[in-house]
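Colleague: starting from these lines, generate the structure:
(one chain, ligands or ions: 2)
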Amino acid sequence: MERIRIRVDVDVQRARRAARRLATDLGLDRNGAEMVVLAVSELGTNLIRYARGGEITLSTMQDERGARVLVESRDDGPGIADVDQAMANGSSTGGGLGGGLGAVRRLMDEFAIVSDASGTRVRACKWVRKSERGCGHT
Ligand SMILES: Nc1ncnc2c1ncn2[C@@H]1O[C@H](COP(=O)(O)OP(=O)(O)O)[C@@H](O)[C@H]1O
Ligand SMILES: [Mg+2]
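Modeller: Ligands and ions are numbered 1, 2, ... in the order given. Down below sits the predicted model:
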């Protein structure tokens with residue numbers, strides 16, 4: 001497990017490298033690993049831009065259901081007033097493109113976000129060889 005404090009851009013770069021290494025070591029192919037890297041990028045960028053920093057935790061899990069990479073983002077920022085709207089493509093309160101959270105949801109296999117006035121938590125995972133397990137996703 002790796003916990004990376006995110007304050008400035010170089011922290012996001014460190015998190016990206018750690019995610020790439022973890023995903024590749026676990027057996028994700030190049031495409032799959034880069035999807036995890038992109039998700040980490042978007043979450044890390046949001047931590048800097050909207051929450052004055054936070055933490056990204058990367059871990060792997062392996063059990064009878066298979067192997068997956070887990071990406072968690074947490075912060076003590078102001079939270080997201082309307083999560084549904086924030087998830088919608090093109091919705092940004094910071095002059096961004098507003099596609100980050102939606103991309104994270106699409107790039108990863110499972111996605112959950114919880115946010116209130118005390119902060120935001122995102123939890124997402126990506127399975128290794130998900131297609132071979134016969135449950136593709138939309
Ligand atoms: N960690 C966070 N804390 C508070 N607000 C956030 C956080 N992450 C995202 N948001 C809110 O959700 C919106 C959508 O985020 P995102 O999809 O990444 O688009 P963008 O970063 O381009 O604005 C942001 O504009 C911001 O209002
Ligand atoms: Mg963003």
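Colleague: contacting residues for residue 87?
Modeller: Residues in contact with residue 87 (Cβ atoms under 8 Å, 6 or more residues apart in numbering) are 101, 102, 105, 113. Heads up, the C-betas are built off the backbone N, CA and C, glycines and all.
Colleague: please flag which of the residues you listed sit within strands.
Modeller: Counted as lying in strands by DSSP state E, out of these, are residue 113.
Colleague: now do the SS call for residue 22.
Modeller: When classified by DSSP: H, G, I helix; E, B strand; the rest coil, residue 22 comes out as helix.
Colleague: how many other residues sit next to it?
Modeller: Look at residue 22: counted by other Cβ atoms under 10 Å, it has 21 neighbours.
Colleague: give me the mean pLDDT for the helix or strand where residue 70 lies.
Modeller: Under the criterion of DSSP states H and E, residue 70 resides in strand 66-75. The pLDDT scores in strand 66-75 average 97.
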